[in-house]
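Novice: generate a structure from the sequence data that follows.
(chains A and B)
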Amino acid sequence: MIDQRLVRDNPVAIARQIGRRGHAVDLIKLQVILQQQRQLEEERSTLQAQGNRIGKEVGLKIKDGADPGGTEIVSLRDEGNFIKKKVSVLENEEKILTSQIREQLLTYPNPPSEECPDGSSEADNVELRSWGTLRQEQGLEEHWQIAERLNLFDTERSVRIAQSRFITLLGQGARLERALINFMLDRHTAKGYREVLPPVLVNTASLTGSGQLPKFAEESFRCADDDLWLTPTAEVPLTSLHRDEIIPADQLPLRYVAYSPCFRREAGSYGRDTRGLIRLHQFNKVELYWFVHPDQSEGSHEQITADAEAILQALELPYRVLDLCTADIGFSAQRTFDLEVWLPGAGAYREISSCSICGDFQARRSSIRTKKGKNTQLVHTLNGSGLAVGRTMAALLETGQQADGSVLLPKALVPYVGCDRLQPE
RNA sequence: GGAGAGGUGGCCGAGUGGUCGAAGGCGCAGCACUGGAAAUGCUGUAUAGGGGCAACUCUAUCGAGGGUUCGAAUCCCUCCCUCUCCGCCA
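Specialist: As a prediction, this is how the structure comes out:
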């Protein structure tokens, strides 16, 4: 959420910043409402102060022996009643404005940071660096072909169990998925991350706090009879882990790593990536999440990205790093670095991690603050996938495929899987 | 699912209509004492919004919303949540 004081003081500047995302916004109307609201609040609190004075006066006079039914007390009561009526009128108007303000504020995306490159589509994303040597020979299989051959998962039966875009991993496939989750968690916790296994059903407040609601309701699965949704990413429960809290400054930064299944409707992606592990309604992800003091967020974006990259490097998976342009960053992000892994079979890079710095955007929505002495301020939050597990498996299959049909696994993974290659069962 | 209890500041806990943002304790911070520490003593210690250079001050907040009243943490109504016991269950 953007700071309403900024909208009140300089709506044009904020609108211009948000406008860099490609859609013009007009904050002048909101500014007017904010000014009205502030004026109402001023009037109301002045009246309430008067009312409070009368209340005290009546109490004191009665205590001093004044006749509760006497003219003096009665006239004070009348005055109190008069003020009360005026206050309640103002309060009602104010309440309407306040909820309008919040409703609107919640719909505006985070203004991109100064460093975020301008652009109008994903074509304007900037490649920052790449790592590893790409396999580019002809005739390589795509991951779903390999998986089918090795019997790692069953697509058709998954439709029977659920619907399309769900996957059932089998045998070595299931084992590899589990190995990857453990491997990633171990690597991150070894670096000082605190491991979290959160609920995967989250309430509306949690989704609003991290920025998925109100704008992206159609992307999430909702439980019909409860105020609960299937989480689209562990970022949601991790943000709400400290919602409505004040974290002592000396405890920051807090760095969490959470494995969770993630659920997304993938509305509007009909026909894309229909085979294999790339785009599913349910997938596994290990997520990194930082709460940092605003004075210390410098450099943290690069660090969290490096932590995600370390997994790709340990798995010997070539990738590149993109600095997403203003048109391509997510709703809550100020700036985002995407990691794209090389899929030799598909002959393309695919997003496998998205590392974002959100500034105080989520912290304001979720009311997460920190305190140093008397100074209370919003924390800054960062998140990054470390990594998307299904897509990691896809990359491993395509990268490790051998002429004899087996798949060679990276050395680091051998202790987790229990063998150095996957072979037909 | 059945029965009961309860939601007060960072925590514990008092407070059943009047100057209560709220006793007391714990914790925390500063100061004093000490060679240093412990113990002790003193002082301070919520959040949000408004005004003021500041000291400071006004308003709101005792789960949420509504009501009664000149005045509500305290009385009434509705809702939410938590806990305990029983049942069921991974």
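Novice: helix or strand: which one has whichever residue of the stretch 101-250 of chain A sits closest to RNA strand B?
Specialist: Closest approach between the stretch 101-250 of chain A and RNA strand B, counting by Cβ to the nearest atom of the strand: residue A:246, at 5.9 Å. All C-beta atoms are positioned from the backbone trio N, CA, C, and that covers glycine. Secondary structure assignment for residue A:246, by DSSP states H and E: strand A:245-248.
Novice: ok, residues contacting that strand?
Specialist: Contacts of strand A:245-248 with the rest of the structure, by Cβ atoms under 8 Å, 6 or more residues apart in numbering, involve A:254, A:291, A:367, A:368, A:369, A:370, A:371, A:376, A:379.
Novice: strands paired with that strand, and their directions?
Specialist: strand A:368-372 (parallel) (DSSP bridges).
Novice: just to revisit the earlier point, between the contacts of strand A:245-248, identify the one with the most neighbours.
Specialist: The member of these that has the most neighbours, counting by other Cβ atoms under 10 Å, is residue A:379 with 28 neighbours.
Novice: in stretch A:195-205, which residues are buried?
Specialist: For stretch A:195-205, the neighbour count (16 or more other Cβ atoms under 10 Å) marks A:196, A:198, A:200, A:201, A:202, A:203 as buried.
Novice: filter these down to the ones in strands?
Specialist: A:196, A:201, A:202 (DSSP state E).
Novice: ok, the second one to residue A:245 distance?
Specialist: What it means is residue A:201. Per Cβ to Cβ, to the nearest Å, residue A:201 is found 21 Å from residue A:245.
Novice: what's the answer for residue A:214, then?
Specialist: In terms of Cβ to Cβ, residue A:214 sits 23 Å off from residue A:245.
Novice: grab the nearest non-local neighbour of residue A:113.
Specialist: Nearest in space to residue A:113, with sequence neighbours left out and distances taken as Cβ to Cβ, 6 or more residues apart in numbering, is residue A:334 at 4.1 Å.
Novice: if you could redo that for residue A:226, that was the one I meant.
Specialist: The spatial neighbour of residue A:226 that comes closest, neighbours along the chain excluded (Cβ to Cβ, 6+ apart), is residue A:201 at 8.0 Å.
Novice: thought residue A:230 was touching the one you found, still the case?
Specialist: Yes. Counting by Cβ atoms under 8 Å, residue A:201 sits close enough to residue A:230 to count as a contact (6.4 Å).
Novice: give me the common contacts of these two.
Specialist: Residues touching both residue A:201 and residue A:230 (Cβ under 8 Å, 6+ apart): residue A:223.
Novice: so what does residue A:299 have for phi and psi?
Specialist: Reported as degrees, to the nearest 10, the phi and psi values for residue A:299 are phi 80, psi -10.
Novice: contacting residues around it?
Specialist: With contacts defined as Cβ under 8 Å, 6+ apart, residue A:299 is in contact with no residue.
Novice: from RNA strand B, how far off is it?
Specialist: Separation of residue A:299 from RNA strand B (Cβ to the nearest atom of the strand, to the nearest Å): 26 Å.
Novice: next one: residue A:297
Specialist: Applying Cβ to the nearest atom of the strand, one obtains 18 Å for the distance of residue A:297 from RNA strand B.
Novice: list the contacts of that residue.
Specialist: A:357, A:359, A:380, A:382.
Novice: wouldn't the first one be in contact with residue A:382 here?
Specialist: Pointing back at residue A:357 there. Yes. Counting by Cβ under 8 Å, a contact exists between residue A:357 and residue A:382, whose distance comes to 4.9 Å.
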